[in-house]
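K.L.:
fold the following for me, if possible:
(2 chains)
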Amino acid sequence: MYYVDSCVTLRCSPDTSGRTFWESQGAVELMQDRLRVPSDYCVALRDAARRRAERKREGTPSRSLPRFLPVLPRFTVTLPSSSFQALSRSFVHDGITSKMDDIDAMFSDLLGEMDALTQSLGAETGEPEPPKALEIPYNEVNFSIGFADVNESLNELEDNDLDALMADLVAEINAAEETMTTTGKGGAAQPHSDPKGLPRPPPASGHSAASAAPQPAPSSLPRVPDSVGAAKVPSFTPVEPPPKQLIPEDTEAQAKADKIKLALEKLKEAKVKKLVVKVNMNDGSSKTLMVDERQTVREVLDNLFEKTHCDCSVDWCLIETNPELNIERGFEDHENLVEPLSAWTRDSENKIFFLERIDKYAVFKNPQNFYLWKKDKKSLKDMKDKDKELLLQENFCGTSIIVPDLEGALHLKEDGKKSWKQRYFLLRASGIYYVPKGKTKTSRDLVCFVQFDNVNVYYGKELKSKYKAPTDFCFVLKHPQIQKESQYIKYLCCDDAWMMTLWVTGIRIAKYGLTLYNNYKTAVSKGAASSFFTNHAATTTTTSTPVSSKAPVNRHKMFFLWLPKDHCDPSLLPPPPPDPTLPPPPPPPPPPPTSAAKKDFAAQPASFPPPPDSFPSMNFPPPPEADFLPPPPPPDHLLEQPPDFLPPPPPAAAAGGPPPPPPPPPPPPAAADPAAVPTLKKVSVAPSPRPAPPAAAPAGGDFMSELMVAMQKKRRAQ
Amino acid sequence: MAVWDLTVTVEELGLEAPPLTISVTSDLHIGGVILKIVEKTQIKKDWSDHALWWEQKQQWVLRPAWTLDKCGIHADARLTFTPQHKPLRLGLPNGMTVKLRACFSGPVFHTVVGICKLLNIRHPEELSLLRPVEEKKKKKDKDAQEEVYDLTGVPLTSGSVPSLYNGMPAHFADSPQTEAVYKMLSVSQPPPTPEVIAKMYRPASVVDKAHIHSRWLDSSRSLMQQGVQENDRLWLRFKYYTFHDLEPKYDVVRLTQLYEQARWAILLEDIDCTEEEMMLFGALQYHISKVSQSEPQAVTSCPAMDDLDSALQSLEVKMEGETSSMDMLETMTTAPELHDYLKIFRPKRLTLKGYKQYWFVFKDTSISYFKSKEEGYGEPIQKMDLKGCEVAGDVNVAGQKFCIRLLIPSPEGMNEVYLRCENEQQYSRWMAACRLAAKGKNLADSSFSSEVENIQAFLSMQRSNPGTASTQADENINTHSLVSPRYQKKYKPKQLTPRILEAYQNVAQLSLMDAILRFLQIWQALPDFGISFFVVRFKGSRKDEVLGIAHNRLIRIDLGVGDVVKTWRYNNMRQWNVNWDIRQVAIEFDGNVNIAFSCVTADCKIVHEYIGGYIFMSTRSREQSDTLNEELFHKLTGGHEAL
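P.N.:
I've put the predicted structure just below:
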C-alpha cells in the first residue's frame, strides 16, 4: 500500500535526457531532506509567498526548489500535449472566448515552472538511476505520487500495477476529453456559440488510453474504460456560461469573472487528495487503484466489482489490517477511504484486503440472531421472513435506532496493563457501560466504559498468544489514528466467536445507526442490479449463468457488469453516487443498434440472428469485450476507434501479479459473433453517440504508430 | 297506554329547584321526552348538547328513537337532563392545566379524540386520560393558585383538519387569551426549579411505577360512567409508546408535549438512565429552552412563513452562488487565525513541570506554538493537528482558571495537552476553535461565533450559580434544574456545569425541532423505554411478579431483583382472552406457549386495553395515517362490554 499525503509534481521528458519520472525517486528523498518538511507539509499554491521566505532562509536558489503541489491537480495530468490543447480548446467551445489565452497562459506557466523544477531536481540528484523496464512514451507526463513513500512504493510497484495505474490516469484524461468534446458539441449546436469557428478538438481519447499501458500487461487495456480514474469527469464540465456571455460587449467582464472562478475551481480541485491504494485479493494477487478523497468505500467497492468481476454480493468488504496490533476492521460503505488510510504511518505494514465477510451485513439478513440472541437458537433458525422484516422495522425504521440488548461478562485489558480482568458489560445506544463492583446493573449505577464518538471497533487476531488473552475472540476499541501499541487501546475478550460478533455488530449499530442500514440497502440494490443483468443476460442468451457463484472471472458475465451503469432501467438501480465521483460512461462501445441509432439509420437491419445455443459452453475464447464489439453494420462515422487497432505485443518481462487474462481476441468481423450482438442490443439503451469526425481515426492511428516508433527508439537508446 | 310520571333533574333550573315531573307513556321515544322537558323548563336556549343521564344505572340514554320501554326506564328512574360536554380541568404533559369542554357522554377514546383535535395533537389514539396522583397539599400551599388556561369558550369544530391562521389553528387565533394558550401548548416550558422537581412525586420502585398505570380511565366507557364530574381534574398523557409519523411541520404541539412528558419522565426518574445520558438530556434541555425562548414561535410553525423563509433562503443561496468566486478567493487566501500568548502543560510521567508560556497560533485545524511572537513566522516548536481530538474544558470562573484539555490522537496513542488561557474571552475563542477543529472544521466555519457565544453563556451560568442570591428568575438556568434529584444530590452545580457543557457541544448547533427530536430519540433508545409495568400473579406461581408491556413484547420481570425472566413478542401471539369473571388474562403464543395471569395493581381491563392498544397501533400504516379506525380500536380493547 502506498499513500500520498501530499505530492510532488514531476515531469518526465524522455526526449531530453531519457530520464523518466520513475528514475527520479532519489531526488524526492533528497528534496524531502533538504526541506525538512513536516509530515503534514501539504503546501498549497496559495502559500507561495511564505515559501519564498523559506527558500531564502534555506539559501537555495529559488528556482531550484521543487514546488509542492497539493495532490494531483487534475489538469496537470495532461498526457500528450495535443490532448492538453484539446482540453483548452474545448473551453473555447464552451464560450470562454476572448481571453482563454489567460488561462492557457496560467496553465503553461504552471507547467513551465514544474518543468524547471524537475530539471533542477535532476541536477541535484546527480546521476539518474538506470531506467527500469517500464517506459512511458509520452511527450509530457505530469504524474504525482506521495513522496513520503515513493521510494518503497515505486520499488514495490510491479509493472502491471503501474500499468493499471497509468491506465486509470489515462482513462481519466480520456473521460475528461470525452466530456469536453461532447460539451463542445453541445455548444456548437447552439446558434452562435462557436464564434471563432474553431475546429473541434481532435478526439484523441481512445488512443492515448490504448497507448497508456500497452506493453507489459495488455490485460489492463480492456479495462481502461471502467477503471477508477475515469470516474472524475464531472469536474471538467461545469463550465456552462450564461447565454448572455455570447454577446461580445458583455463578455469581457463576465469572461474574466468566469475565468477567475474556473481557476479557483481548479485550485480547489487541485486540493483534492488522492491515494494510490494497493488492494489485496483473496488469492494473493492485488489490484492497484487510485482513490480520491471524496470517494466512499461503496464507490471503491463498485470499482473493484468492475475490476474483479466478482459476484457483487453484499458481503464484499474492504478490510484494513494492522499487523502491528493484530487487528482488522472492515470499512463501512459510507466511510471515505482516504481518511482512515491517511492515519497510517510511513513505515506501516497495514494492508487493505478485498474480501467477503459474512458478518458485514449479517444483522440485516438475520436480525433475530442479534436482537433475540437470548432466545433458543432453534426457534430463531426457522424465523419467517415476515418476522425478520418486522424486527428490522422495529429497530431501524422507528424514530430511534434500537441497539441490540447486549450484556455479559467480558475480559478487559486496558491502560496498557498486562492483565485481563473480568467485568460485566452492557451495550447501550450511548456507549458501553460496566457494572461497578458491588452494584446492580440498573442504569443509574452503570459506569461508562467508552462512548463511540472517537473510537472504532476492530477484530483482534491471535491476541491469545500476543497478549495472553483468555480466548482468541477479542475485539478492540481505539481511536482510528492510533496505529501502535498504546495505553489508549482497549482490548475486550469474549468467550466465543459468536459473542464477539454480537458485540462488534452491536457497537457498529450504536455507532453508525441508520447509516448502516442504508448502506446495506444500497449494497443490496447494487447486487440486485448486477445480478439482474446477469440473469437478464442468461435469459437472452438462453444460458443459465450462475448468479452468485464465486467463480473468479466469468467473462461474459463481467461484460454485463459494467453495462447497468448507464444502460439499464434506472428504477432498478440505486440512486447514483454524488456527482463528483459519478462513474463516467464507459467509452461508448460502438453504438449498438438502438432506437436512437435506428432513427438515424433506418436503413439498418432491424433484427439479428438469434443467439446460438452453443453460447453457454463457450468459455474460450471469451466473447469480446464491449469495446471491441463491432456494431452489426457499423455506421462509419460513428465509429471512432478503429476496430483494427491492436496493442503492441507484450514484452517478455511480464511480471507476476494477476494472471493476465487471455489476450483480447482479434476483433471479429462485423456480425461475426452473433452471440454477443443481440445481447448487447437487448440490454443497452442508446448511449449518446459521441461526435467523432471521421478524420479522428486515422489521426489516432498515426499517433499510435508514432508512439511505437518513439518507444522503439528509446529502447534502442538504452 | 298508561300515563306515568317521570322525574327529571334539570341543572339549568338551579341546584335547589325540585326536579321536573313530566307525564309520559312507555312507548314515548326519548326524543319526545326531551322535547317535553324543554317545553316544561320554559327556558330558551340551545339544548342540542343536552342528553339524559340515568343516575341509578350510571349510563347515558342517548338513542332518541328508542322508546322508554325499550330503554327499560320506568317511573322509579331518576334522570338528569344535562349537557354532554362539560368543562374539565386537564393536566397536560408539560404540567400546565387547561380547562376545556370535553365530551362526557361518549367513550373516553372518543373524548380524547375531541380533546386532541382541540389542542391540535395528531394521532389521538396514542394518548389517554388518567386520574392524577393526589398531591399531598399542605394548608399553606393552598393560596398558591395554579394558573389555568381556559379554552372552554372555544367551540369544538367538526371539521377534520383545523384550518391554520397566523401559524396556529384558527380556533386559537380568536383572542389574545387563546393565543397564549397555544403558545403554552407549542412552546416547551422553562426548566422547573430544582425545588419543584424535588417536591414532586417520584416512583421509587417498579411497584410504584406499576401503580401509576392503575389510574388509566377505561377507553370504552364515558367519563360520566367512570365517575368523573364536571370540573374534575384529569391528566392527558401519551399512553402508547409508539409515535406514528412524527412530522415537525404538523406536530408542533404533539412534539412539544411529547418532549415534556419525556423530560418529566427523566427528571422524575420514571425511566432510568446513566450519568452520561443524563448529561446529554440536560444539555438538550438547556438548548431547547434557550432556543425556544429566543425563537419567535409563530414564525417557525407557520407554513406560509416557512415557504417564505425557504424562498428567501434559496434566494440567499443563489446570491451566494453568484458571489461564490469571491468567497472562494477569500477562503483560499485569508484563512482566519487565532494567536495569543497561552500557557501549555504536557503531563508526562515523572515530571512535574508546570505551565510554560508560548506564542500560539491557531490556523486551520491545528495549533502551532513558538517561543515568542517575533519568531512566529519561523518553524514552530510544535504543531498539533486537532482533527479527531477530544476537547474538554476545565474551568473555574471564581478561581480564574481557564484550561482546555486536549487529547490529541497520534499513531502512538493519545497525547494529553493542557492549554491555559488568561480570561473568559480568550478561553471561549480558543475553546470554540478547538471544538470546531476536533470536528474537522476550521475557523472560517460559520458556527464559530455561535460556538463562542455558547461557551460564554455557559461560563456566565457558572459565575452566577455559586451565589445563593441568584435563585430568582433571572435568565440563567440552574443546571440543577436539568437533571434528576439523584444527580442534584451527587454533584454541585459547578461540577455539573462543565459536564453538561461537554455534552452540550455536540448539540449546540441543532435547531429547536431537531433538538426535540434528538431528545426523543435518545429517550426512545433507552433500554427501559416504553415499558408499562403491572404487578401480576402468573397462573401457577405463588408470588407477585411484574409484567412489562411494551409496544412489541410482553416482559416477565422478577419483582425482587428486577431481572427479565422471559419475553414474548406480539408477533408470535396467537390470541389473547380475558376471563372477566375471574379477571384473568390468558395469552397463547406460537409453539403452544400459554400464559395466564391475574392483575394485582390494575384492573385487568387496563392490561387488556394496553395489549390490544399496542396491537391496534401496529396495524396503522403510513398510507392511511389520517383515518382512525375507531371501531377496530374498540374491538381490540373493549372487552366484553364493547361487543
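
K.L.:
and stretch B:260-270, what's its mean pLDDT?
P.N.:
Averaged over stretch B:260-270, pLDDT sits at 92.

K.L.:
surely residue B:607 touches residue B:547?
P.N.:
Yes: under the criterion of CB atoms under 8 Å, residue B:607 makes contact with residue B:547 at 7.3 Å. For every residue, glycine as well, the C-beta is placed using N, CA and C.

K.L.:
who touches both of these two?
P.N.:
B:534, B:536 (CB atoms under 8 Å, 6 or more residues apart in numbering or on different chains).

K.L.:
buried sites along the helix or strand containing residue B:289?
P.N.:
For residue B:289, the element it lies in under DSSP states H and E is helix B:275-294. For helix B:275-294, the neighbour count (16 or more other CB atoms under 10 Å in any protein chain shown) marks B:275-292 as buried.

K.L.:
try stretch A:443-454
P.N.:
A:443, A:444, A:446, A:449, A:450, A:451, A:452, A:454.

K.L.:
need phi/psi at the third one.
P.N.:
Right, residue A:446. When read as degrees, to the nearest 10, the backbone of residue A:446 gives phi -70, psi 150.

K.L.:
closest residue of chain A to chain B?
P.N.:
Chain A approaches chain B most closely through residue A:486 (3.0 Å), counting by CB to the nearest CB.

K.L.:
show me what contacts that residue?
P.N.:
Shown in contact with residue A:486 (CB under 8 Å, 6+ apart): A:416, A:478, B:412, B:413, B:414.

K.L.:
who's the fourth one bridged to?
P.N.:
Translated: residue B:413. Applying DSSP bridges to residue B:413 gives these bridge partners: residue B:410.

K.L.:
how many neighbouring residues does it have?
P.N.:
Residue B:413: 21 surrounding residues under other CB atoms under 10 Å in any protein chain shown.

K.L.:
where does chain B have low pLDDT?
P.N.:
B:1, B:135-146, B:154-167, B:295-335, B:349-353, B:462-477, B:622-626, B:640-643 (pLDDT under 70).

K.L.:
most neighbours of all the contacts of residue A:486, which one?
P.N.:
The most crowded member of these, judged by other CB under 10 Å, is residue A:478 (25 neighbours).

K.L.:
so that one sits against residue A:454, correct?
P.N.:
No: in this structure, residue A:478 is not within contact of residue A:454 by CB under 8 Å, at 9.4 Å.

K.L.:
after whichever helix or strand residue B:38 is part of, next one along is what?
P.N.:
Assessed by DSSP H and E, residue B:38 sits inside helix B:30-41. Downstream of helix B:30-41, the first helix or strand assigned by DSSP H and E is strand B:50-54.

K.L.:
partners of that following strand in the sheet?
P.N.:
Strand B:50-54 pairs in its sheet with strand B:59-61 (antiparallel), strand B:78-83 (antiparallel), by DSSP bridges.

K.L.:
what's in contact with the last one?
P.N.:
Pointing back at strand B:78-83 there. B:6-11, B:19-20, B:34, B:37, B:49-56, B:61, B:73, B:104.

K.L.:
next, the angle strand B:50-54 makes with the next helix-or-strand element following that strand.
P.N.:
Per DSSP H and E, the first helix or strand lying C-terminal to strand B:78-83 is strand B:85-91. With axes from the mean of the first three to the mean of the last three CA atoms, to 10 degrees applied, the angle from strand B:85-91 to strand B:50-54 works out at 80 degrees.

K.L.:
mind giving me the packing neighbours of the strand or helix carrying residue A:492?
P.N.:
For residue A:492, the element it lies in under DSSP H and E is strand A:490-493. In terms of contacts (3 or more CB pairs under 8 Å, 6 or more residues apart in numbering or on different chains; DSSP states H and E), strand A:490-493 is packed against strand A:406-413, helix A:463-467, strand A:474-478.

K.L.:
quick one: closest of these to residue B:595.
P.N.:
strand A:406-413 (24.7 Å; CB to CB).

K.L.:
just want the angle from that closest one to strand A:474-478.
P.N.:
Counting by the same axes, to 10 degrees, strand A:406-413 lies at 80 degrees to strand A:474-478.

K.L.:
quick check: mean pLDDT of the next helix or strand after strand A:406-413?
P.N.:
Next helix or strand after strand A:406-413 toward the C-terminus (DSSP H and E): strand A:421-428. Mean pLDDT, computed over strand A:421-428, is 94.

K.L.:
and the angle from strand A:421-428 to strand A:406-413?
P.N.:
Put simply, strand A:421-428 runs at 140 degrees to strand A:406-413, going by the same axes, to 10 degrees.

K.L.:
neighbouring strands for strand A:421-428, and are they parallel or not?
P.N.:
Assessed with DSSP bridges, strand A:421-428 is paired to strand A:406-413 (antiparallel), strand A:431-434 (antiparallel).

K.L.:
now, of the ones you listed, which is deepest in the fold?
P.N.:
Ranked by average neighbour count under the criterion mean count of other CB atoms under 10 Å in any protein chain shown, the strands paired with strand A:421-428 are headed by strand A:431-434 at a mean of 23.

K.L.:
which residue does chain B have closest to chain A?
P.N.:
Across chain B, the shortest distance to chain A (CB to the nearest CB) belongs to residue B:413, at 3.0 Å.

K.L.:
so what's that residue up against?
P.N.:
Contacts of residue B:413 (CB under 8 Å, 6+ apart): A:482, A:484, A:486, A:487, A:488, A:489.

K.L.:
show the buried residues in those residues.
P.N.:
Here, 16+ other CB under 10 Å leaves A:482, A:486, A:488, A:489 buried among these.

K.L.:
quick check: residues of the stretch 151-300 of chain A near chain B?
P.N.:
A:257, A:260, A:261, A:264, A:265, A:267, A:268 (CB under 8 Å from any CB of the partner chain).

K.L.:
mind listing which of those are in helices?
P.N.:
Counting by DSSP state H, these place A:257, A:260, A:261, A:264, A:265, A:267, A:268 in helices.

K.L.:
how about those residues in JSON lines, adding neighbour count?
P.N.:
Formatted as JSON lines, those follow (neighbours: other CB atoms under 10 Å in any protein chain shown):
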{"residue": "A:257", "neighbour count": "14"}
{"residue": "A:260", "neighbour count": "16"}
{"residue": "A:261", "neighbour count": "17"}
{"residue": "A:264", "neighbour count": "18"}
{"residue": "A:265", "neighbour count": "17"}
{"residue": "A:267", "neighbour count": "17"}
{"residue": "A:268", "neighbour count": "15"}
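
K.L.:
got TSV for those, with distance to residue B:521 and pLDDT too?
P.N.:
Formatted as TSV, these follow (distance: CB to CB, whole Å; pLDDT from 0 to 100):
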residue	distance to residue B:521	pLDDT
A:257	46	79
A:260	45	78
A:261	41	80
A:264	40	75
A:265	39	78
A:267	41	70
A:268	36	71
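
K.L.:
one step back: nearest to residue B:197 among the contacts of residue A:486?
P.N.:
Nearest member of these to residue B:197, counting by CB to CB, is residue B:414, at 37.7 Å.

K.L.:
identify the residues contacting that closest one.
P.N.:
Here residue B:414 is in contact with A:479, A:482, A:486, A:488, B:390, B:407, B:408 (criterion: CB under 8 Å, 6+ apart).

K.L.:
if we use 7 Å, what do you get?
P.N.:
Contacts for residue B:414 were tallied using CB atoms under 7 Å, 6 or more residues apart in numbering or on different chains; they are A:479, A:488, B:407, B:408.
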